[in-house]
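K.L.:
Just the structure for this:
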Amino acid sequence: MSDNEILQQILAVTQSLKTDVCSLKTDVGSLKADVGSLKTDVESLKTDVSSLKTDVESLKTGMDIVRTDVDSLKTDMKTVKSDVQDLKSDVRTLKTDMQDTKHRITSLELTLENETNRNIRLIAEGHLDLGRKLDQALMVENQKEMLLIRVNTLENEMRKLKEQMVTTS
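P.N.:
Predicted structure coming up:
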(Lines give C-alpha, C1' and ligand atoms only; values in the text may rest on other atoms or scores of the structure.)
Protein backbone atom coordinates (compact mmCIF):
# COMPACT_ATOMS: atom_id res chain seq x y z
CA MET A 1 0.00 0.00 0.00
CA SER A 2 1.25 3.16 -0.87
CA ASP A 3 1.47 6.17 1.21
CA ASN A 4 -1.20 7.78 -0.72
CA GLU A 5 -3.53 4.98 -0.19
CA ILE A 6 -2.76 4.96 3.48
CA LEU A 7 -3.39 8.64 3.57
CA GLN A 8 -6.60 8.09 1.70
CA GLN A 9 -7.68 5.53 4.21
CA ILE A 10 -6.61 7.77 7.08
CA LEU A 11 -8.53 10.62 5.49
CA ALA A 12 -11.58 8.44 5.06
CA VAL A 13 -11.32 7.28 8.62
CA THR A 14 -10.76 10.90 9.75
CA GLN A 15 -13.78 12.01 7.73
CA SER A 16 -15.81 9.25 9.31
CA LEU A 17 -14.48 10.24 12.71
CA LYS A 18 -15.24 13.90 11.97
CA THR A 19 -18.79 12.99 11.04
CA ASP A 20 -19.08 10.87 14.15
CA VAL A 21 -17.64 13.73 16.27
CA CYS A 22 -20.11 16.19 14.73
CA SER A 23 -22.89 13.74 15.41
CA LEU A 24 -21.57 13.36 18.96
CA LYS A 25 -21.38 17.16 19.36
CA THR A 26 -25.00 17.42 18.25
CA ASP A 27 -25.98 14.65 20.59
CA VAL A 28 -23.98 16.26 23.47
CA GLY A 29 -25.64 19.62 22.71
CA SER A 30 -29.00 17.90 22.77
CA LEU A 31 -28.01 16.18 26.02
CA LYS A 32 -26.89 19.53 27.47
CA ALA A 33 -30.26 21.02 26.58
CA ASP A 34 -32.01 18.01 28.07
CA VAL A 35 -29.81 18.23 31.20
CA GLY A 36 -30.64 21.97 31.46
CA SER A 37 -34.30 21.15 31.14
CA LEU A 38 -33.89 18.40 33.72
CA LYS A 39 -32.13 20.84 36.06
CA THR A 40 -35.05 23.26 35.70
CA ASP A 41 -37.50 20.42 36.30
CA VAL A 42 -35.47 19.23 39.31
CA GLU A 43 -35.45 22.78 40.74
CA SER A 44 -39.19 22.96 40.19
CA LEU A 45 -39.56 19.55 41.90
CA LYS A 46 -37.38 20.74 44.79
CA THR A 47 -39.62 23.79 45.19
CA ASP A 48 -42.73 21.60 45.02
CA VAL A 49 -41.26 19.12 47.53
CA SER A 50 -40.34 21.99 49.85
CA SER A 51 -43.89 23.33 49.53
CA LEU A 52 -45.26 19.83 50.21
CA LYS A 53 -43.03 19.54 53.27
CA THR A 54 -44.38 22.85 54.55
CA ASP A 55 -47.94 21.69 53.84
CA VAL A 56 -47.31 18.36 55.57
CA GLU A 57 -45.88 20.15 58.61
CA SER A 58 -48.93 22.41 58.63
CA LEU A 59 -51.19 19.33 58.38
CA LYS A 60 -49.29 17.65 61.21
CA THR A 61 -49.77 20.74 63.38
CA GLY A 62 -53.45 20.86 62.41
CA MET A 63 -53.85 17.16 63.22
CA ASP A 64 -52.22 17.70 66.61
CA ILE A 65 -54.74 20.46 67.30
CA VAL A 66 -57.59 18.21 66.11
CA ARG A 67 -56.34 15.39 68.34
CA THR A 68 -56.20 17.77 71.31
CA ASP A 69 -59.72 18.99 70.52
CA VAL A 70 -61.00 15.41 70.17
CA ASP A 71 -59.41 14.47 73.49
CA SER A 72 -61.03 17.53 75.06
CA LEU A 73 -64.39 16.56 73.52
CA LYS A 74 -64.01 13.02 74.84
CA THR A 75 -63.37 14.39 78.32
CA ASP A 76 -66.34 16.74 78.01
CA MET A 77 -68.56 13.87 76.81
CA LYS A 78 -67.53 11.78 79.81
CA THR A 79 -68.52 14.71 82.04
CA VAL A 80 -71.82 15.11 80.18
CA LYS A 81 -72.53 11.37 80.49
CA SER A 82 -71.82 11.55 84.20
CA ASP A 83 -74.08 14.60 84.54
CA VAL A 84 -76.84 12.82 82.61
CA GLN A 85 -76.56 9.83 84.93
CA ASP A 86 -76.80 12.17 87.92
CA LEU A 87 -79.83 13.86 86.37
CA LYS A 88 -81.48 10.49 85.73
CA SER A 89 -80.92 9.57 89.36
CA ASP A 90 -82.31 12.93 90.49
CA VAL A 91 -85.37 12.51 88.24
CA ARG A 92 -86.01 9.04 89.68
CA THR A 93 -85.77 10.52 93.19
CA LEU A 94 -88.11 13.35 92.19
CA LYS A 95 -90.61 10.87 90.72
CA THR A 96 -90.56 8.86 93.93
CA ASP A 97 -90.97 12.04 95.98
CA MET A 98 -93.84 13.16 93.74
CA GLN A 99 -95.60 9.80 94.21
CA ASP A 100 -95.15 10.09 97.97
CA THR A 101 -96.43 13.68 97.85
CA LYS A 102 -99.46 12.65 95.75
CA HIS A 103 -100.20 9.88 98.23
CA ARG A 104 -99.93 12.31 101.17
CA ILE A 105 -102.13 14.88 99.42
CA THR A 106 -104.76 12.22 98.69
CA SER A 107 -104.61 11.14 102.32
CA LEU A 108 -104.98 14.77 103.48
CA GLU A 109 -107.91 15.32 101.10
CA LEU A 110 -109.63 12.23 102.46
CA THR A 111 -108.99 13.37 106.03
CA LEU A 112 -110.37 16.82 105.24
CA GLU A 113 -113.40 15.37 103.51
CA ASN A 114 -114.20 12.61 105.98
CA GLU A 115 -113.10 14.00 109.33
CA THR A 116 -112.32 17.70 109.35
CA ASN A 117 -115.34 18.83 107.30
CA ARG A 118 -117.65 16.63 109.39
CA ASN A 119 -116.16 18.01 112.63
CA ILE A 120 -116.52 21.58 111.36
CA ARG A 121 -120.18 20.88 110.53
CA LEU A 122 -120.75 19.50 114.03
CA ILE A 123 -119.07 22.52 115.62
CA ALA A 124 -121.10 24.88 113.42
CA GLU A 125 -124.31 23.15 114.48
CA GLY A 126 -123.21 23.53 118.12
CA HIS A 127 -122.55 27.23 117.52
CA LEU A 128 -126.00 27.65 116.04
CA ASP A 129 -127.46 26.12 119.18
CA LEU A 130 -125.27 28.41 121.30
CA GLY A 131 -126.40 31.37 119.22
CA ARG A 132 -130.05 30.45 119.81
CA LYS A 133 -129.43 29.97 123.52
CA LEU A 134 -127.61 33.33 123.66
CA ASP A 135 -130.51 35.00 121.86
CA GLN A 136 -132.92 33.46 124.37
CA ALA A 137 -130.73 34.52 127.29
CA LEU A 138 -130.47 38.04 125.87
CA MET A 139 -134.22 38.17 125.39
CA VAL A 140 -134.73 37.26 129.07
CA GLU A 141 -132.11 39.85 129.98
CA ASN A 142 -133.90 42.45 127.87
CA GLN A 143 -137.20 41.60 129.54
CA LYS A 144 -135.50 41.87 132.91
CA GLU A 145 -134.12 45.31 132.03
CA MET A 146 -137.53 46.44 130.86
CA LEU A 147 -139.05 45.22 134.10
CA LEU A 148 -136.39 47.08 136.10
CA ILE A 149 -137.14 50.26 134.18
CA ARG A 150 -140.87 49.77 134.89
CA VAL A 151 -140.23 49.12 138.54
CA ASN A 152 -138.07 52.21 138.68
CA THR A 153 -140.74 54.28 137.00
CA LEU A 154 -143.43 52.88 139.31
CA GLU A 155 -141.28 53.58 142.37
CA ASN A 156 -140.85 57.18 141.22
CA GLU A 157 -144.54 57.52 140.73
CA MET A 158 -145.13 56.03 144.18
CA ARG A 159 -142.73 58.42 145.76
CA LYS A 160 -144.42 61.34 144.05
CA LEU A 161 -147.80 60.13 145.21
CA LYS A 162 -146.52 59.75 148.75
CA GLU A 163 -145.13 63.25 148.63
CA GLN A 164 -148.43 64.56 147.35
CA MET A 165 -150.22 62.76 150.09
CA VAL A 166 -147.91 64.13 152.68
CA THR A 167 -148.26 67.62 151.31
CA THR A 168 -152.02 67.28 151.07
CA SER A 169 -152.46 65.81 154.47
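
K.L.:
Quick check: mean pLDDT of the helix or strand harbouring Asp41?
P.N.:
Assigned by DSSP states H and E, Asp41 belongs to helix 3-111. Mean pLDDT, helix 3-111: 92.

K.L.:
what's the angle from the helix or strand following that helix to helix 3-111?
P.N.:
Downstream of helix 3-111, the first helix or strand assigned by DSSP H and E is helix 117-168. Interaxial angle, helix 117-168 versus helix 3-111 (axes from the mean of the first three to the mean of the last three C-alpha atoms, to 10 degrees): 40 degrees.

K.L.:
Over helix 117-168, what's the mean pLDDT, rounded is fine.
P.N.:
pLDDT averaged over helix 117-168 gives 85.

K.L.:
count of neighbours near Ser89?
P.N.:
Residues near Ser89, counting by other C-beta atoms under 10 Å, number 10. No exception for glycine: its C-beta is placed from N, CA and C like everyone else's.

K.L.:
Report all helices and strands that the helix holding Asp41 contacts.
P.N.:
For helix 3-111, not one helix or strand is in contact under the criterion 3 or more C-beta pairs under 8 Å, 6 or more residues apart in numbering; DSSP states H and E.

K.L.:
Pull the distance from it to the chain's centre.
P.N.:
38 Å (C-alpha atoms, centre = their mean, to the nearest Å).

K.L.:
Report the outermost residue of the protein with respect to its centre.
P.N.:
Ser2 (114.9 Å; C-alpha atoms, centre = their mean).

K.L.:
Distance of that residue relative to Leu17?
P.N.:
22 Å (C-beta to C-beta, to the nearest Å).

K.L.:
do Glu115 as well
P.N.:
138 Å.

K.L.:
try Val66
P.N.:
Counting by C-beta to C-beta - Val66 and Leu17 are separated by 69 Å.
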